[in-house]
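# build me a model:
(chains A and B)
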Amino acid sequence: MLDIRIIRENPTAVQDRLKLRGGNHWKLIEDVLACDEKRRAAETEKQALQSQRKLIAKQIGMAKGKGEDTSAAESEARMINAKIEALDAEAEATSLRQQEHLMMIPNLPHEACPQGEDETQNPVVRTWGAAPEIVDPQDHVVLATRHQLIDWDDAVRVSGSGFAVYRGRGAKLERALINFLLDTQTDHGYEEVNVPHLVKRECMEGTGQLPKFEEDMYGTEPDESGQNQLFLAPTAEVPVTNLYRDTIVPESRLPLKMCAYTPCFRREAGSAGRDNKGIIRMHQFDKVELVQVVHPDQGLAALEELTAHAEAILQKLGLHYRTIELCTGDLGANSAKTYDIEVWAPGQGKYLEVSSCSWFGDFQARRMKLRYKDGEGKNRFPHTLNGSGTALPRLYVALLEQYQQEDGSITIPPALVPYFGDSSIRS
RNA sequence: GGAGAGGUGGCAGAGUGGUCGAUCGCGUCGGUCUUGAAAACCGAAGAUGGGAAACCAUCCGUGGGUUCGAAUCCCACCCUCUCCGCCA
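Numbers count the residues shown, from 1 in each chain, chains lettered A, B, ... in the order given. Model (predicted):
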């Protein structure tokens, strides 16, 4: 959520930055400003009347103590109450409208963001390693089926399309990767946390998945009162960042660094048949997530650090990848600046996104009322960041496809052998 | 699922219709004293919104209601604890 004060002070500058994203969210700014003015006018007037009422009530109290007649004052108070009620209704309705719009407006892209219209204009920041030379590379579906690592027919029987069943060595490879990722990231100084996968609506609003992307989410039905609806977390970002929702942490505890392994649930509506071969795009997938809460001065530096922590995974596994930066037109709604890490998948003949590392500024902190107390005792919004460290299925794909051998076997990179217990997969 | 108790400031815990945003204690911070520390004593300190500021309004789990006036009375909901039942 954007700071209303910044919008109030610099509406055109805010609109200009929002325009860089494409789309027309910037048009909401005008309405937000109109609501803001109307709201404040109504509130000021209401408060003056409340102050008056308070005074009268006190006088009545004192007069009654003396046994005096207070009927005149009481009827005056009743008249004031009628006015207050009308003003209150107006202030409330306006405030609600303002809040709804504010929650829909995306974050401002940071000045450091490259400008561009869509994903074709995302600059490559760096490339690591080189694509292995493989004659007639097979894709992971062929490889996983040949070695009986993953079964899609089973998955369809149980859950339908968009799911996978890992079996035997296939399941163990997944588990080995999860443990390898968690160990590597805790070595980087992240506290391992194990969090619920079902989260409240407030959490989804706090990190920014709602209200904009409700159709992408799985959730339970709300009860008769319209309450107590839970959502399946689409990423551990939601439960982990929200561990600190509505709290005030001492500045000395920053930075907070946490990592978590969780499954992630996404409807991926309308994406059937697109980029969804094998396990590349699924309704449920595993991910190890990195989350940081940092002092505002540290935001940019923390993004570089966190991205390096994600990249370290691919380097340790010896997987060729590249890091790109999202341009303003491709940037996620909540992010101020994002790096995507893309791993090479020879069987697909393209790079796959295995990690997206984002810096949100105070956008999420303001939504979830996450604050820190600074040296002067003031409550301020810290910056939040997160990144995949990394997503499992595409890492799995890259591993099978980059390490496939001419004899049909798959070599397990040395860093993973202690976790997997074998140095290759062969049938 | 059944029965009971309770949700008040960082913690603990008073307050049952009228200067209560809220007693007291612990903890925290500043000061006095001390070579330094402890102790003792003095003092400071909640959050949100509006305002340049003085200051004003709101907030005692959440949402409604009664009243001139609600932490205090009424209704609904949420949560926590204890006991019983069930259960991985």
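
# RNA strand B contacts on the stretch 251-400 of chain A?
A:371, A:377, A:378, A:379 (CB under 7 Å from any atom of the strand). Backbone N, C-alpha and C define where each C-beta goes, glycine included.

# what's the closest of those residues to RNA strand B?
Nearest to RNA strand B, judged by CB to the nearest atom of the strand, of these is residue A:379 at 4.0 Å.

# for residue A:413, what are its contacts?
Applying CB atoms under 8 Å, 6 or more residues apart in numbering to residue A:413 gives the contacts A:316, A:317, A:318, A:319, A:399, A:403.

# switch the cut-off to 7 Å
By CB atoms under 7 Å, 6 or more residues apart in numbering, residue A:413 lies in contact with A:317, A:318, A:403.

# what pLDDT is listed against it?
For residue A:413, the model assigns a pLDDT of 98.

# how close does it get to RNA strand B?
Applying CB to the nearest atom of the strand, to the nearest Å, the value for residue A:413 to RNA strand B is 36 Å.

# buried set for stretch A:346-354?
Neighbour counts using 16 or more other CB atoms under 10 Å place A:346, A:347, A:348, A:351, A:352, A:353, A:354 of stretch A:346-354 among the buried residues.

# sort out which residues of stretch A:315-331 are buried, please.
Residues A:317-331 are the ones in stretch A:315-331 that count as buried (16+ other CB under 10 Å).

# for those residues, which one is nearest RNA strand B?
Nearest to RNA strand B among these, counting by CB to the nearest atom of the strand, is residue A:331 at 26.2 Å.

# residues contacting the closest one?
Listed by CB under 7 Å, 6+ apart, the contact set of residue A:331 reads A:21, A:109, A:113, A:338.

# hang on, the earlier thing: can I get the contacts of residue A:413 in CSV with secondary structure and pLDDT?
Formatted as CSV, the contacts of residue A:413 follow (DSSP: H, G, I helix; E, B strand; the rest coil; pLDDT from 0 to 100):
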residue, secondary structure, pLDDT
A:317, helix, 98
A:318, coil, 97
A:403, coil, 97
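
# so what's the residue count around residue A:380?
As a burial measure, residue A:380 scores 15 neighbours (other CB atoms under 10 Å).

# re the thing from before, quick check on the residues of the stretch 251-400 of chain A next to RNA strand B: which are buried?
residue A:371.

# so of the residues of the stretch 251-400 of chain A next to RNA strand B, which ones are in strands?
Among those, the members found in strands (DSSP state E) are A:371, A:379.

# closest to residue A:306 among the residues of the stretch 251-400 of chain A next to RNA strand B?
Each of these was scored against residue A:306 by CB to CB, and residue A:371 proved nearest at 21.3 Å.

# now the closest one. Nearest residue, chain neighbours left out?
Distances taken as CB to CB, 6 or more residues apart in numbering place residue A:379 nearest to residue A:371, at 4.3 Å, with adjacent residues excluded.

# what sits against that neighbour?
A:248, A:371, A:373.

# returning to what we had before: out of the residues of the stretch 251-400 of chain A next to RNA strand B, which is nearest to residue A:85?
Nearest to residue A:85 out of those is residue A:379 (CB to CB; 32.4 Å).

# in the sheet, who's paired with the closest one?
Beta-bridge partners recorded for residue A:379 (DSSP bridges): residue A:373.

# what's the helix ranked longest in chain A packed up against?
Scanning chain A for the helix with the most residues, using DSSP state H, yields helix A:28-65. On a contact count with 3 or more CB pairs under 7 Å, 6 or more residues apart in numbering; DSSP states H and E, helix A:28-65 meets helix A:4-9, helix A:11-19, helix A:71-104.

# is the longest one in proximity to RNA strand B?
In this case it means helix A:71-104. Yes - applying CB under 7 Å from any atom of the strand, one finds helix A:71-104 in contact with RNA strand B at A:74, A:77, A:78, A:81.

# now do that helix, average pLDDT.
90.

# give me the angle between that helix and helix A:28-65.
Relative orientation of helix A:71-104 and helix A:28-65, computed by axes from the mean of the first three to the mean of the last three CA atoms, to 10 degrees: 160 degrees.

# what's helix A:71-104 packed up against?
helix A:28-65.

# give me the contact status of the helix it packs on with RNA strand B.
Yes - using CB under 7 Å from any atom of the strand, helix A:28-65 reaches RNA strand B at A:40, A:43-44, A:46-48, A:50-51, A:53-54, A:56-58, A:60-62, A:64.

# was I right about residue A:341 contacting residue A:351?
No - the criterion here is CB atoms under 7 Å, and residue A:341 misses it with residue A:351 at 9.3 Å.

# re earlier: mind putting the contacts of residue A:413 in JSON lines, distance to residue A:227 included?
Formatted as JSON lines, these follow (distance: CB to CB, whole Å):
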{"residue": "A:317", "distance to residue A:227": "45"}
{"residue": "A:318", "distance to residue A:227": "50"}
{"residue": "A:403", "distance to residue A:227": "50"}
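
# now, among these, which is nearest to residue A:240?
Checking the contacts of residue A:413 against residue A:240 by CB to CB gives residue A:317 as the nearest, at 23.7 Å.

# can you pull out the strands in the stretch 251-400 of chain A?
With DSSP state E, counting those that start in this stretch as the criterion, the stretch 251-400 of chain A has strands at A:256-265, A:284-294, A:321-325, A:337-345, A:350-359, A:371-373, A:379-380, A:383-391.

# the first one packs against which elements?
Applying 3+ CB pairs under 7 Å, 6+ apart, one finds that strand A:256-265 makes contact with helix A:169-187, strand A:191-192, strand A:284-294.

# and if you look at the third one?
Contact analysis of strand A:321-325 by 3+ CB pairs under 7 Å, 6+ apart lists strand A:124-128, helix A:299-317, strand A:337-345 as its packing neighbours.

# pick the most buried one from those.
Comparing these by mean neighbour count (mean count of other CB atoms under 10 Å), strand A:337-345 ranks first with a mean of 25.

# ok, so of the contacts of residue A:379, who is nearest residue A:146?
Looking across the contacts of residue A:379 and measuring by CB to CB, the closest to residue A:146 is residue A:371, at 53.8 Å.

# that closest one contacts residue A:250, doesn't it?
No - between residue A:371 and residue A:250 there is no contact under CB under 7 Å: 10.6 Å.

# many thanks, I have nothing further to ask.
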